[in-house]
Every structure is written in structure tokens, then in C-alpha cells.
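1. build me a structure from this.
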Amino acid sequence: LEAKLQKYLLTGVRAVMWLVSILIFVDAMGIPITSLVALLSVFTLTISLAVQTLLSNVAGGLILLSSKPFRLGDYVETDGGCGYVRDMRLAVTVLETRDGCRITIPNSMLSGGTISNYDMLGRRRIEVKVTAGYDAPIPAVLQALREAVDAAEKILPEPEPDAVVINYGESSIEYGVYCWCLPEDYWTVRPALTEQIKYAFDARG
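-> Down below sits the predicted model:
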């Protein structure tokens, strides 16, 4: 189990054992515990209603810790925002965006929403779309795109990069370049590839 999940489970079990031990002790002293149990039940119900949102977030945190949809440092996209996972607490998860903003998301939102993890597979796909006029031969454009991929650094050879025709517009043809890199290289490789595409197009007129 996740270390944090072990900690929370042990704390919960310890609290329950203390409560049971106290009730056994009170019963052994000859004090009726029926009224005490009823009082504890009412008190517990009142507390549960008062902190319903918090309990929902805590339950979501336990689900996240057990299902492990992400780890610290992973880049994720969620319904509450996208960024690097910097902290996983029992009630909230903290993300850090690329522009230095910290997003605190309730765990109930994360456990009940969609989570896209871009680092889980150990590689990330780069997708660049460009357009070229109808006067540019399609084979020449595709060759230029492949040359741009070859010129860019840190692109993984597998899965094999690809350049394809996506759509025929009113005044231009849309092309797509697809390749893969390591997750930590994504934000440097993608702009470098876009730059190489410009150089390859210029070289071919």
C-alpha cells in the first residue's frame, strides 16, 4: 500500500481500538454503556453532518491513494486544472502549473472526475499541425516534415514518427506531424520541432 495510505489506515484503526478499549473498561467497572453508546452515536452523526464536505474529500483522497492514478511529479490534466503534482494530502491535491501557479483541488473532484496522466507511460506524444498551399506538392511537404523530425533532437525512434495529410481546406491543406519524446523533454522538443519545420519549409521554398 501507499505509505500515506498505510499511515491513515493505522491512525483510523488505532482510534477505533482506543474507543473500543474505553467502552470495555467502562463496562468492566459496572457502568452501563448503553446511554454512552447512544450519546456517541448522536455526537458522531452531528460531526459527520457538519464536516460532510471534508469527509467526502477524505474519502476521495483514500480512493486516489489506493488507485494511484498519478504520482508526485507527474504532469496531469484534470477537471480542476492541469499541472505537475506537487503534494498529495488526504483532503486536497496540489498542482503546479508551468507558469508558477499553484492549484489546490479537492480530492472529491479528482476521484469523481477525469484524470489524464501524461507521464504514466514513460513517453509523451508530440502533435504539430501546419498548413501549406495547394500549389505545394504533397510529397514535397511530407518530405519536409520528415526532415524536420530528423533534425529535431530527443525525439524517440519508437513509436516511429509520422507525417500525414489531415484535411483539405478552402485555401490550404492541413498536415500533421506525430512523434514521441520523454515526458520531461516535451516542453523543449515541441517548440524545437516547430522551429525545424519552419527551416525545412524555407529550404524548399
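2. which SS class is the spatially most central residue of the chain?
-> Closest to where the C-alpha atoms of the chain average out (C-alpha atoms, centre = their mean) is Val76, at 2.5 Å. Put simply, Val76 is strand when judged by DSSP: H, G, I helix; E, B strand; the rest coil.
3. tell me the spacing between it and Asn107.
-> Using C-beta to C-beta, to the nearest Å, Val76 is found at 13 Å from Asn107. Any C-beta I mention is one placed from the backbone N, CA and C, and that applies to glycine too.
4. please apply the same query to Leu9.
-> For Leu9, the distance to Asn107 - C-beta to C-beta - is 16 Å.
5. which one's more surrounded, those two?
-> Legend: neighbour count by other C-beta atoms under 10 Å for Leu9 and Asn107, higher for Asn107 (23 against 15).
6. for that one, what are its contacts?
-> Asn57, Val58, Ala59, Gly60, Gly61, Ile63, Leu64, Arg89, Leu90, Ala91, Val92, Thr93 (C-beta atoms under 8 Å, 6 or more residues apart in numbering).
7. surely Arg190 meets Arg124?
-> No: Arg190 is not in contact with Arg124 according to C-beta atoms under 8 Å; the separation is 9.4 Å.
8. when those two are compared, which one has more neighbours?
-> Arg124 (20 against 17).
9. what sits up against the least confident helix or strand in the chain by mean pLDDT?
-> Counting by mean pLDDT, DSSP states H and E, the chain has its least confident helix or strand at helix 34-50, which shows a mean of 71. The contact list for helix 34-50 (C-beta under 8 Å, 6+ apart) reads Leu19, Leu23, Val26, Leu55.
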